[in-house]
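*Asks:* sequence below, structure please.
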Amino acid sequence: DSRGAMTSLFQLFTAVGVVIGAVINVPRRWPWWVPFAVPVVPAGVLAIGLLFLPESPRWLLKQNRYDEAMAVLTYLRSDTPEAIHSELEEIESAIRQE
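*Replies:* Numbers count the residues shown, from 1 in each chain. Sure thing, here's the model as predicted:
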């Protein structure tokens, strides 16, 4: 699902930034901090991307914002309205059991 892919990007961007920073061949005319600054680029892309992520359906349900939770879950899943409603009921049940 797309939620898993979105959260996996965090690890991917972190690993790519670390690898690039570690293997960069720094010419003597570059300052010593260049390999440390290179991982900031993927981290910055990730930070900007976080601004566009929707709220968690579970968090929205805990805030009694059912319609917004339904909209977010519909966006994240390309499923039937009945399946989405069923999943929201499962989430609500789990919240009540906490």
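*Asks:* pull the longest helix from this protein.
*Replies:* If you go by DSSP state H, the chain has its longest helix at helix 2-23.
*Asks:* name the residues of the helix or strand following it that come out as buried.
*Replies:* As assigned by DSSP states H and E, the chain's next helix or strand after helix 2-23 is helix 34-37. Residues of helix 34-37 classed as buried under the neighbour-count rule (16 or more other CB atoms under 10 Å) are residue 35. For the C-beta atoms, the positions are set from N, CA and C on the backbone; glycine is no exception.
*Asks:* give the other helices and strands that whichever helix or strand comes after helix 34-37 contacts.
*Replies:* Once the chain leaves helix 34-37, the next helix or strand it forms, by DSSP H and E, is helix 40-50. Judged by 3 or more CB pairs under 8 Å, 6 or more residues apart in numbering; DSSP states H and E, the packing partners of helix 40-50 are helix 2-23.
*Asks:* what is the rounded mean pLDDT of the helix it packs on?
*Replies:* For helix 2-23, mean pLDDT is 77.
*Asks:* what's the answer for stretch 88-98, then?
*Replies:* 92.
*Asks:* buried residues, the longest helix of the chain. List them.
*Replies:* By neighbour count with 16+ other CB under 10 Å, helix 2-23 contains the buried residues 13, 17, 21.
*Asks:* do I have it right that residue 75 meets residue 54?
*Replies:* Yes: counting by CB atoms under 8 Å, residue 75 does reach residue 54; the two are 6.3 Å apart.
*Asks:* of the two, who's got more company?
*Replies:* Taking neighbours as other CB atoms under 10 Å, residue 75 and residue 54 compare with residue 54 leading, 15 against 11.
*Asks:* just give the closest residue to the more buried one, not the sequence neighbours.
*Replies:* Nearest residue to residue 54, sequence neighbours excluded (CB to CB, 6 or more residues apart in numbering): residue 72, at 4.5 Å.
*Asks:* what's the host helix or strand of the one you found packed up against?
*Replies:* Here residue 72, judged by DSSP H and E, is contained in helix 66-76. If you count contacts as 3+ CB pairs under 8 Å, 6+ apart, helix 66-76 packs onto helix 57-62, helix 81-97.
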